[in-house]
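Engineer: The sequence isn't on hand, but the structure is:
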């Protein structure tokens, strides 16, 4: 729908209302012979209802095609010629109503797509770093490497990196999250996102507006709407063959019997017109593309890009969905509840330094919580320690060489595999208690020394998680939850979202 402007379809048009009014009057002619004259009101109903449809039919015939509009106009004219004014009025009025419903659905799809297109910034405040001057420039003319000033309420013109300032940015169009994201120096920002904080940002662009996140989003939605599903192709191919066959059969029924007798010709002419109305494939040919267009635009508004009708249709046949726990079913906003040293090998200061080094390169939400907790205790980046060979252990944790010692940070599974778990000693019972209450428990250990630290964090379940899981299961979809956390934390979340334990797979 690129370039199309949404029309105002807030109510039925006057011609449709008048057509319906006169159709209602014409129906009263069936009350008795003294009301038979009211059937002529059907002529007025056709007069008001048919012209918009006839105009579409004329344009279709100019393209040497024959569609539902042509079929309805043919039926209405045929009914008028047979003197069936109320029948002609029924066709004109009800098809006009269907045209209104179609235009309403198309309008909503256009509005949804237009709201996505409107995310693209119109201009940018280009900042000159040496003079401090700000020049308002069309967004498409901002070159890569420019410095742009993004004030409160401004859209970011293109993808870039923050070089000055710290503020909240709304990226809901891209990631679907309504919670603003804090952006500070060296953080990346997406074109089309909005600065909703109180501080202006200076951003250095890393791509042009045409290559920004919002432009790619628009192109994906445009491309998706032209990617037809198997159902759409089937309907198109069916209608291409079916419509001429129906028209030809109806033409024979309408014309041939007249050569036998006038009475028989009149009877079969009416039947032929009825066949055209009944057999018209407009419900299939109109509803299918509108449904997909509206669905694709609506999902894009929520930050979900579906690559075409084929993929949208495939979602309807999904039988099993597997959810990650952390950050998907839960908010991924951890709160540290326990942090203790184990044994006499390291002081708390030293243990915190090792934990800071090990978690700094990680992108897991839990890592940010641990680093924040360590910093709150006054431990910053320990530059006097050297870390090398930092490796992610999938589903278990991380390991690295720190000052010549092999250090591990991870879950129970990791330390059971390393045969270090028994070095917890009397803390085992306490750890199991934390886990049974829904906490995520982790450990820090050193090869040759065993576990030297233990921590526990908690994570809240998303507000909508329970309803989503319930609706999926009620729809016949099997829902599973996978997590690298312990059984206690996994089963605690499963209980909150009403997911049976047999569908939970933890470490």
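Structural biologist: Sure, I can see it. This one's a predicted model, so the numbers in the text were calculated from it and none came from an experiment.
Engineer: SS state for the residue nearest to the spatial centre of the chain?
Structural biologist: Among the residues of the chain, the one closest to the centroid is residue 304, at 2.5 Å (C-alpha atoms, centre = their mean). Following DSSP: H, G, I helix; E, B strand; the rest coil, residue 304 is assigned to coil.
Engineer: For the stretch 301-450 of the chain, which residues score under the pLDDT cut-off?
Structural biologist: 301-303, 305, 307-309, 363 (pLDDT under 70).
Engineer: number of nearby residues for residue 443?
Structural biologist: 26 (other C-beta atoms under 10 Å). Bear in mind the C-beta positions are built from the backbone N, C-alpha and C, glycine included.
Engineer: which residues touch it?
Structural biologist: 342, 408-412, 414-415, 420, 424, 451, 453-455 (C-beta atoms under 8 Å, 6 or more residues apart in numbering).
Engineer: Would you quantify the distance from the residue nearest to the centre of the chain to residue 161?
Structural biologist: Separation of residue 304 from residue 161 (C-beta to C-beta, to the nearest Å): 26 Å.
Engineer: circling back: a markdown table for the contacts of residue 443, including secondary structure, neighbour count and distance to residue 153?
Structural biologist: Listed next are the contacts of residue 443 as a markdown table, based on DSSP: H, G, I helix; E, B strand; the rest coil; neighbours: other C-beta atoms under 10 Å; distance: C-beta to C-beta, whole Å:
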| residue | secondary structure | neighbour count | distance to residue 153 |
| --- | --- | --- | --- |
| 342 | coil | 21 | 51 |
| 408 | strand | 23 | 47 |
| 409 | strand | 27 | 42 |
| 410 | strand | 23 | 44 |
| 411 | coil | 22 | 44 |
| 412 | helix | 22 | 48 |
| 414 | helix | 23 | 47 |
| 415 | helix | 25 | 50 |
| 420 | coil | 20 | 53 |
| 424 | helix | 20 | 53 |
| 451 | strand | 24 | 51 |
| 453 | strand | 23 | 45 |
| 454 | strand | 22 | 46 |
| 455 | strand | 23 | 41 |
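Engineer: quick one: residue 377 from residue 118, how far?
Structural biologist: Taken as C-beta to C-beta, the span from residue 377 to residue 118 is 47 Å.
Engineer: Residue 26 should be in a strand, yeah?
Structural biologist: No - counting by three-state DSSP, residue 26 falls outside a strand, being helix.
Engineer: how about the strands in the stretch 1-150 of the chain?
Structural biologist: 123-127, 134-138, 147-150 (DSSP state E, counting those that start in this stretch).
Engineer: out of these, deepest packed?
Structural biologist: strand 147-150 (a mean of 23; mean count of other C-beta atoms under 10 Å).
Engineer: and the next element down the chain from that one?
Structural biologist: Helices and strands here follow DSSP states H and E; after strand 147-150, the next one along the chain is strand 160-164.
Engineer: what are the pairing partners of that following strand, and which direction each?
Structural biologist: Applying DSSP bridges to the sheet, strand 160-164 is found paired with strand 188-189 (antiparallel), strand 201-205 (antiparallel).
Engineer: Assess the claim that residue 138 and residue 121 are in contact.
Structural biologist: No - using C-beta atoms under 8 Å, residue 138 is not in contact with residue 121, being 9.4 Å away.
Engineer: What is the strand or helix carrying residue 353 packed up against?
Structural biologist: Following DSSP H and E, one finds residue 353 within helix 348-359. Using 3 or more C-beta pairs under 8 Å, 6 or more residues apart in numbering; DSSP states H and E as the contact test, the elements touching helix 348-359 are helix 365-376, strand 387-393, strand 397-402, strand 405-410, strand 440-446, strand 450-458.
Engineer: ok, the fifth one: who's next to it in the sheet?
Structural biologist: I take that to be strand 440-446. strand 405-410 (antiparallel), strand 450-458 (antiparallel).
Engineer: And it, how far out from the chain middle?
Structural biologist: Distance of strand 440-446 from the chain centroid (C-alpha atoms, centre = their mean, to the nearest Å) equals 37 Å.
Engineer: Then stretch 483-493?
Structural biologist: 28 Å.
Engineer: Kindly report the same for stretch 34-45.
Structural biologist: Distance, centroid of stretch 34-45 to centroid of chain: 51 Å (C-alpha atoms, centre = their mean).
Engineer: Check the model's average confidence along it for me.
Structural biologist: Mean per-residue pLDDT for stretch 34-45: 87.
Engineer: Need the contact partners of that stretch.
Structural biologist: Residues contacting stretch 34-45 (C-beta under 8 Å, 6+ apart): 18-23, 25-26, 28-29, 80, 85-89, 92-93.
Engineer: That stretch spans what distance, first to last residue?
Structural biologist: Stretch 34-45 has its terminal residues 21 Å apart, counting by C-alpha to C-alpha, to the nearest Å.
Engineer: do the same with stretch 158-171
Structural biologist: 13 Å.
Engineer: Can you point out the buried residues in that stretch?
Structural biologist: Within stretch 158-171, the residues scored as buried using 16 or more other C-beta atoms under 10 Å are 158, 159, 160, 162, 164, 165, 167, 168, 169, 170, 171.
Engineer: Next: stretch 412-428.
Structural biologist: Those would be 412, 413, 414, 415, 418, 420, 421, 423, 424, 427, for stretch 412-428 by 16+ other C-beta under 10 Å.
Engineer: do the same with stretch 63-80
Structural biologist: For stretch 63-80, by 16+ other C-beta under 10 Å, it's 67-80.
Engineer: Would you mind measuring from residue 433 to residue 126?
Structural biologist: 59 Å.
Engineer: ok, back up a step: considering the buried residues of stretch 412-428, which is situated nearest to residue 488?
Structural biologist: Using C-beta to C-beta, the shortest approach to residue 488 within the buried residues of stretch 412-428 belongs to residue 412, at 10.0 Å.
Engineer: How about the contacts made by that closest one?
Structural biologist: Neighbours of residue 412 in contact, by C-beta under 8 Å, 6+ apart: 421, 441, 443, 486, 507.
Engineer: which one of these is nearest residue 53?
Structural biologist: The shortest approach to residue 53 among these belongs to residue 507, at 64.8 Å (C-beta to C-beta).
Engineer: Which pLDDT value belongs to that closest one?
Structural biologist: Residue 507 is given a pLDDT of 63.
Engineer: Could you do residue 160 as well?
Structural biologist: Confidence score, pLDDT, at residue 160: 90.
Engineer: Show me the beta-bridge partners of it.
Structural biologist: Under the criterion used (DSSP bridges), residue 160 bridges to residue 189, residue 205.
Engineer: these two touch, right, it and residue 201?
Structural biologist: No - if you go by C-beta under 8 Å, residue 160 and residue 201 don't touch, sitting 9.3 Å apart.
Engineer: what sits in contact with each of those two?
Structural biologist: Counting by C-beta under 8 Å, 6+ apart, the common neighbours of residue 160 and residue 201 are residue 189.
Engineer: And the closest residue to residue 347 other than its chain neighbours, how close does it get to residue 377?
Structural biologist: Of all residues not flanking residue 347 in the chain, residue 341 sits nearest, at 7.3 Å (C-beta to C-beta, 6 or more residues apart in numbering). Counting by C-beta to C-beta, the gap from residue 341 to residue 377 is 12 Å.
Engineer: Before I go, just wanted to say thanks for your time.
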